[in-house]
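[1] for reference, the sequence and a predicted model appear below.
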There are 2 protein chains.
Amino acid sequence: MSAPQEAAPVTVDVAANPEPKGEEAEEVFYDDDGNKISKKAYKKLQAKKEKEAKKQERAAKEAAEKAVREASEVDYSTEYYGKKPMNQSQERTGRVRTAIKDITADMAGQTILIRARVQHSRPTGAKMCFFLLRHQYSTVQALLMADKERVSKKMLKFAVGIPNESIVLVEAMVNKAPEPIRSCTVQDVELHILSLFVESEAAPQLPFSIEDASRPDTEYEKEDNQFSRVNLDTRLNNRVIDLRTITGQAIFRIQSGICELFREFLTKNRFVEIHSPKILGAASESGASVFKINYFKTFAYLAQSPQFYKQMAICADYDRVFEIAPVFRAEDSNTHRHMTEFVGLDLEMAFEEHYHEVVELLGELFVFIFDGLNERYAREIAVVNRQHPFEPLKYLPKTLHLTYPEGVAMLRESGYEIGDFDDLSTEAERRLGRLVKEKYNTDFYILDKFPLSVRPFYTMPDPNMPGYSNSYDFFIRGEEIMSGAQRIHDADYLKQRVAEHGVDPASVEPYVNAFKYGTPPHAGGGIGLERVLMLFLSLGNIRKASLFPRDPKRLEP
Amino acid sequence: MSAPQEAAPVTVDVAANPEPKGEEAEEVFYDDDGNKISKKAYKKLQAKKEKEAKKQERAAKEAAEKAVREASEVDYSTEYYGKKPMNQSQERTGRVRTAIKDITADMAGQTILIRARVQHSRPTGAKMCFFLLRHQYSTVQALLMADKERVSKKMLKFAVGIPNESIVLVEAMVNKAPEPIRSCTVQDVELHILSLFVESEAAPQLPFSIEDASRPDTEYEKEDNQFSRVNLDTRLNNRVIDLRTITGQAIFRIQSGICELFREFLTKNRFVEIHSPKILGAASESGASVFKINYFKTFAYLAQSPQFYKQMAICADYDRVFEIAPVFRAEDSNTHRHMTEFVGLDLEMAFEEHYHEVVELLGELFVFIFDGLNERYAREIAVVNRQHPFEPLKYLPKTLHLTYPEGVAMLRESGYEIGDFDDLSTEAERRLGRLVKEKYNTDFYILDKFPLSVRPFYTMPDPNMPGYSNSYDFFIRGEEIMSGAQRIHDADYLKQRVAEHGVDPASVEPYVNAFKYGTPPHAGGGIGLERVLMLFLSLGNIRKASLFPRDPKRLEP
């Protein structure tokens, strides 16, 4: 029943009993459906109708009175709550705001202004409501209490009705919490709300709650588990909410840390950052897994890596270069570790005598990154670990460096069959990772000297071991995170290898030509940013390590 | 005359005087052409012939003896010169090498090992050859002198024949230069070459010489100029050689400096680096200038900016984000300042009250970048200035901030006709840049409050000035380098603007939906890296500011 809107005059409906026509007509009675009924029944019906009408009249009158009363009642809180108009930069007061993370018990007694999301609210009785206010990693409890002076019941009702995830601007008194508030990051403070304005209102229904999306994996493994997981697709479809969880906040800060550490190490080692084109005139590396673009009246292709261009920077005397940029792979692989677009951390380096100069530097680079993450992002790593428990990465100060034949021997010794020159399957990589962990107690190692036949045409053959090459992969927890090699820097020999690989010479002509005018020997590698992130944190799926992942089936959001 | 190859037996040719036939025939004499001549003349001819024959015989004998002597002669230099086999990482001696930039006169008397390119060589007489050796920015003079002990003439001949731009490994004695060598960066040292090996040989013919590609613009302006410029297309077609010039080395170090300073400032100001997808499910911003990709069984599009995604990171509580990544524009613009792919320095920031919080931060960001370049890249800037002289950028410690109506007023005052809500043409931008420079003595300024109608649908209208918006461009030397605005953060209002702009709602649905669950007000901007570089250095063409530029007509190298 909807609430009465207006107190309308109540009348008894008599239309169902038309006036008797003509003279002394026999007195006939009808019910509301027009059926003949007895006089007694009719009177009873009339009495009932009048009773109902009076009841309605009374209700309407009360409603009207209430409306008048409420309309005339002075809401003494109006200036302390409400919805702000959309911010169009109407004003700039410069009033200081406090971040939740900076609130401490020392501020007790102070009035502060904060912007936060309402993670949830919980009314208690008719006069009180608790709020969990959140900003990024930080949460604080706030309390709104109706009183006779500042906080009206209307204000309380408004506050209770604010949808979760709305952004509010709160003025509050800082109070010491009587006992630690375990559910918040700010545990020794409770805020007493003085004013409360909605800056940006969330839709009333969320695709999932922040609590559900933040629950530790261990909760689901309990016997009495009553929760169902928010599945990955739901998360990704509603990525902006998923990323608001503290784990979502942590993962991409760690990601940005990897890039920062990568650059820091390389810059210190005299590398120069470059930016190479992603639109290419020819499908250079492998025609099969390249995206084709309509390019004005012709076609072009998306770069599968900056390989050719970082090498050309070496031809151009830049000697040591790196690039952080998207790479594109048109592989219809729907696995936990493939995406069609990912971020490549690429580097290339001229060496003096031997490509192991580069391999060693790469080993140091990763140790620098791992150390740096553990030092600078300890809090974020702990946050991820709380939701998705994992073993911290084991790695050695000087990275373990095995050769391919050594790896093959270890696999065989464990009973795994593999030919000398076979490529490593995903299964073999995993198994070798476990064997290495057992034997050397490291999750991170280098496998050097891959068979020449499983590497690209520009890979330099090993001068001493026929069938092998000066190329290497780096592994974390049994999965490849970097591939690299010494490259062929001699134009004539490169041409020969192009022919031997059946690559169309026209498609690589500008690349091969770059080596015609003298090039130092060089080596390098390409690191998959999301793979490093996924494997460092044992996230289990690469999509969790990409802000807005792309795979053969996902192009949105 | 070619040198005699072999000592052939010498015979006097008498065929021209056949033996007289029959008996007592009259003695008749002929010259070589069969003409009758006198006996005296004949004898004279014969004598001359014999003399010549003997001379030839002598020469041939001498040549033969020399050949025999040379063939048996021990080349006492063989271990000091030659071509190295292709480096396949055959060995690792760990022998210390010295960089040219680190060579000083203090090292006089020391033997050093360096790797360098032969920029050119100049033989002087039969016994000496000067070399200009180069590595990146640094050059040094080296001298090879034939002697009786170490440097044979064969070694000298080999050295003289090394094509320019070949990479050599040189062992040399450091000598103090008798007088400063003005043509080199290392001016107080001359190297005396002890051994010389070619590590990577350049093709004998270069597309252009490093000297030609390095010549200052001022040289061409001289009256007696005899050089012709290496034109831009030739440079770009042979980019790896062009980039070896000191200007080519300087420009992209400055470019990398801009990125470094951009990140440094933003990281200090609590921004987080993100990586957003470049492959999009819908042509979101403007269908006309977007590249279409074949994406498995469907189509996708290349991102024209990270606009939607950096805003979605704000929806996800990241508050302050930046990204450095390629952006793609399918505009068929063949101008000095358009490319189809460039590097976007993007940022987005939630603000508390007013978008001017963001505008001010952006102003500070640029001042930080300009100051940082002038401090950290002074040498590189000087290098560019030497080849392409330019006025150093003028900018104010607190960036000039004009409104659009103020800009329009200045233009009109100067006699330029423009409507209140007209967009700025390239010409108007340039003109306004000159007017601003005259009036405020700055090459860099902010123009705020652009007409709403010339900005994208997601731009926040100004709350007070109808027809204007909370949007801004930043200019260097009268050209736009950054565009930005406060964005609409309210999903319902955004929907309304989508409709008003005639944008297909389906194409922006995931974007609009991101705002449904509460979003703080925010603003940001997108900076064109190559534009900043081009305009800071007054390079005149954006292609010079891109390592491997892409335009509608250039997809290679």
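    Everything's here; your move.
[2] quick check: longest helix of chain A.
    In chain A, assigned by DSSP state H, the helix with the most residues is helix A:39-72.
[3] helices or strands up against it?
    Under the contact criterion of 3 or more C-beta pairs under 8 Å, 6 or more residues apart in numbering or on different chains; DSSP states H and E, helix A:39-72 touches strand A:29-30. C-beta: built from backbone N, CA, C; applies to glycine.
[4] can we see that at 6 Å?
    On a contact count with 3 or more C-beta pairs under 6 Å, 6 or more residues apart in numbering or on different chains; DSSP states H and E, helix A:39-72 meets no helix or strand.
[5] now do the buried residues in it.
    A:42, A:45, A:60 (16 or more other C-beta atoms under 10 Å in any protein chain shown).
[6] distance check, the last one against chain B.
    What that stands for is residue A:60. Separation of residue A:60 from chain B (C-beta to the nearest C-beta, to the nearest Å): 35 Å.
[7] show the pLDDT at that residue.
    What the model reports for residue A:60 is a pLDDT of 79.
[8] just give me the residue closest to the centre of chain A.
    The residue lying closest to the centre of chain A (C-alpha atoms, centre = their mean) is residue A:243, at 3.7 Å.
[9] with adjacent residues omitted, what lies nearest to that residue?
    What sits nearest to residue A:243 in space, not counting adjacent residues and going by C-beta to C-beta, 6 or more residues apart in numbering or on different chains, is residue B:316, at 3.6 Å.
[10] residue A:240 is in contact with the one you found, correct?
    Yes: between residue B:316 and residue A:240 there is a contact at 4.4 Å, judged by C-beta atoms under 6 Å.
[11] in contact with residue A:174, which residues?
    When the contact criterion is C-beta atoms under 6 Å, 6 or more residues apart in numbering or on different chains, the partners of residue A:174 are A:107, A:108, A:110, A:189.
[12] go with 7 Å
    A:103, A:107, A:108, A:109, A:110, A:112, A:189, A:191 (C-beta atoms under 7 Å, 6 or more residues apart in numbering or on different chains).
[13] among those, which one has the most neighbours?
    Neighbour counts for those (other C-beta atoms under 10 Å in any protein chain shown) peak at residue A:191, which has 26 neighbours.
[14] any idea how far residue A:103 lies from residue A:170?
    Noted for residue A:103: a distance of 11 Å to residue A:170, by C-beta to C-beta, to the nearest Å.
[15] nope, residue A:242 is what I meant
    Taking C-beta to C-beta, one finds residue A:242 at 25 Å from residue A:170.
[16] who in the stretch 101-250 of chain A is up against chain B?
    A:115, A:117, A:136, A:165-167, A:200-203, A:206, A:240-241, A:243-244, A:248-249 (C-beta under 7 Å from any C-beta of the partner chain).
[17] low-confidence ranges in the stretch 251-400 of chain A?
    Applying pLDDT under 70 to the stretch 251-400 of chain A picks out residues A:284-288.
[18] can you give me the strands in it?
    A:272-273, A:279-280, A:292-295, A:298-302, A:320-328, A:341-350, A:400-403 (DSSP state E, counting those that start in this stretch).
[19] got JSON lines for these, with mean neighbour count too?
    Formatted as JSON lines, the strands of the stretch 251-400 of chain A follow (neighbours: other C-beta atoms under 10 Å in any protein chain shown):
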{"stretch": "strand A:272-273", "mean neighbour count": "20"}
{"stretch": "strand A:279-280", "mean neighbour count": "22"}
{"stretch": "strand A:292-295", "mean neighbour count": "18"}
{"stretch": "strand A:298-302", "mean neighbour count": "19"}
{"stretch": "strand A:320-328", "mean neighbour count": "24"}
{"stretch": "strand A:341-350", "mean neighbour count": "24"}
{"stretch": "strand A:400-403", "mean neighbour count": "18"}
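[20] now the ones you listed as CSV including distance to residue B:32?
    Shown next, in CSV, are those (distance: least, C-beta to C-beta, whole Å):
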stretch, distance to residue B:32
strand A:272-273, 73
strand A:279-280, 70
strand A:292-295, 73
strand A:298-302, 69
strand A:320-328, 72
strand A:341-350, 66
strand A:400-403, 78
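[21] cool, thanks, signing off.
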